[in-house]
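**Student:** Dropping a prediction and its sequence here:
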Amino acid sequence: MTARRLLILCLLLAAVSSAVWATGGLTSEKPDDRLTHVITRGDLDVSIIEQGMLESAENTEIKCRVRGRNTVLWIVESGSIVQKGDELLRLDSSFIEEQIDERSKFAHWSRSSAERSAANLARAELAVSEFEEGQAVSQQMELEKQLVVAEARLRNAQDRLGHTRVMARSKYKSELVVEELQFAVDRETRTVELLQTQLDVLRKFTQKEALQILKGDLKAAKANHQANAERAIADASRRDRALEELPYCVVKAPRSGLVIHPNAAQWEAGPIEEGTSVHKDQVLLLMPDLNQMQVKVGVHEAVVDRIKEGMSARVTLPDGSTTGNVSKISSVTRPAGWWTANEVRYDTMVAVPPAENLKPGMSAEVEIVIAQHADVLTIPVAAIVEQKDSPPHCWVKTLEGIEKRELTLGDSNNVHTIVENGLQEGDEVLLNPPK
């Protein structure tokens, strides 16, 4: 029975303790025991801290100068120190060599066609001159000569006919002879008329038609030659370009210095390695200027207007820290999306002075002081209560108890905030007050 009574007593004590705790009678969080902060005056620096990556402000871009897509056979290791003229990358040149052979063959063929068409053009030009200055003149002179002879024969026949008619009237010649001579006159007359017609047709039509045909042949020969000549030039140009690009399959260092792969500088292009296919004008390698280093960070749109070029910035690197300054603020925002948590940010460049062991790709933390306030009243952010549709306020510990105060706040560095109205120096405020 004793053990049973002891168990019942323990249960009763536990129930009473729970009831007292629920009513707050046993809580140790009395107003006087809560964490507080005494309001003081002092200096407040407002800064932003962003994470970024070290890069060079000036990069010598080494681009692919070979047309089409080509395979990388070998590439220098990123971060290597090279000398001017050292081999950095080698592309597969088998396709270009095939192009050289093929284009050389076509270049010879097209040059042969161009030479043949040039001869045809010269022949067509000579044919026009030959006709205008030789054939046309000789044809016309031949008909004119025949016409002169026919006219002479006609006059002779006419004279004989006249004389015979006089003799026939005197009965010295018979009418049969007159008829024979009349027939001769008619025949010579038709011959003259025929030659005159042939001469007119020659002058008005035949010569002009033949000349137009020859000039047409000349134009056709000229157009054909121009096409062949242009084709020859084009084929030779393709061959020459292939010959010119062949040395570009071996990429050499334009100067001495550090060589890095593009992806080491946060470029969008994928990594370039052996077996990768690259295209013309693609950036293959970068040679950064280590004397012009900078850190690129993304500044939120809410505070970017407060940053000015020339502002001082503290840059923390893996092996130490240094002081830089804001050198450039982008006027165009980065694209926002799920990869940026839908935040709108502006690229901001912070120049870093030259130093040893600075290499592109190092992580860096940048702190930019955007405002400095001297001798101001500040309150911890943890003591401020902000609610919707009501001004910010805090809870002040007084001799009469806990008192609510509305606040007029100023600038803040996310740790302390300037109090413009609502508190005085020496006031004791509650930290993390309950709602």
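**Tutor:** Cool, got the structure.

**Student:** C-alpha from now on. contacts and neighbour counts both.
**Tutor:** Noted.

**Student:** For Pro360, give me the backbone phi and psi.
**Tutor:** Main-chain dihedrals, Pro360, degrees, to the nearest 10: phi -60, psi 140.

**Student:** ok, it to Val38 distance?
**Tutor:** Between Pro360 and Val38 the computed distance is 46 Å (Cα to Cα, to the nearest Å).

**Student:** Of those two, which one has the most company?
**Tutor:** Comparing Pro360 with Val38 by neighbour count (other Cα atoms under 10 Å), the higher total belongs to Pro360, at 22 against 16.

**Student:** Help me confirm that that one comes into contact with Ala57.
**Tutor:** No - in this structure Pro360 lies outside contact range of Ala57 using Cα atoms under 8 Å: 10.1 Å.

**Student:** Mutual contacts of these two, please.
**Tutor:** Residues touching both Pro360 and Ala57 (Cα atoms under 8 Å, 6 or more residues apart in numbering) are Pro288.

**Student:** Assign Pro271 to one of the three secondary structure states.
**Tutor:** Judged by DSSP: H, G, I helix; E, B strand; the rest coil, the three-state class of Pro271 is coil.

**Student:** Need the three-state assignment for the residue nearest in space to the middle of the chain.
**Tutor:** For the chain, the residue nearest the mean C-alpha position is Asp281 (9.3 Å; Cα atoms, centre = their mean). On the three-state scheme (three-state DSSP), Asp281 is labelled coil.

**Student:** And the pLDDT at it?
**Tutor:** Taken from the predicted model, the pLDDT recorded for Asp281 is 92.

**Student:** what sits against it?
**Tutor:** Counted by Cα under 8 Å, 6+ apart, Asp281 has contacts 63-65.

**Student:** which of these has the most neighbours?
**Tutor:** Of all those, Cys64 has the most neighbours under the rule other Cα under 10 Å, reaching 22 neighbours.

**Student:** so it makes contact with Lys280?
**Tutor:** Yes - contact between Cys64 and Lys280 holds when scored by Cα under 8 Å: they sit 5.0 Å apart.

**Student:** of the contacts of Asp281, closest to Thr316?
**Tutor:** When the contacts of Asp281 are compared for distance to Thr316 (Cα to Cα), Lys63 wins out at 32.8 Å.

**Student:** what bits of the stretch 1-150 of the chain have low per-residue confidence?
**Tutor:** For the stretch 1-150 of the chain, the stretches flagged by pLDDT under 70 are 1-33.

**Student:** now His258, nearest residue through space, not along the chain?
**Tutor:** No, residue 258 isn't His; it's Leu. On the basis of Cα to Cα, 6 or more residues apart in numbering, the spatially nearest residue to Leu258 that is not a chain neighbour turns out to be Ile81, at 4.6 Å.

**Student:** what secondary structure does the one you found sit in?
**Tutor:** Using three-state DSSP, the three-state assignment for Ile81 comes out as strand.

**Student:** burial measure for Leu121, as a count.
**Tutor:** Counted with other Cα under 10 Å, the burial measure for Leu121 works out to 22 neighbours.

**Student:** What is the subsequent helix or strand relative to the strand or helix carrying it?
**Tutor:** Leu121 belongs to helix 94-130 when assigned by DSSP states H and E. Reading on from helix 94-130 to the C-terminus, the next helix or strand found by DSSP H and E is helix 136-169.

**Student:** okay, the angle between the helix or strand following that following helix and helix 136-169?
**Tutor:** If you walk from helix 136-169 toward the C-terminus, the next helix or strand you reach (DSSP H and E) is helix 175-201. Between the axis of helix 175-201 and that of helix 136-169 there is an angle of 160 degrees, by axes from the mean of the first three to the mean of the last three Cα atoms, to 10 degrees.

**Student:** residues of helix 175-201 that come out buried?
**Tutor:** Judged by neighbour count using 16 or more other Cα atoms under 10 Å, the buried positions of helix 175-201 are 178, 181-182, 184-185, 187-189, 191-192, 195-196, 198-199.

**Student:** likewise stretch 404-415?
**Tutor:** By neighbour count, and taking 16+ other Cα under 10 Å as the criterion, the buried residues in stretch 404-415 are 405-407, 409, 411-413.

**Student:** ok so, going back, how much space between the residue nearest to Leu258 and Phe106?
**Tutor:** On the measure of Cα to Cα, Ile81 and Phe106 end up 44 Å apart.
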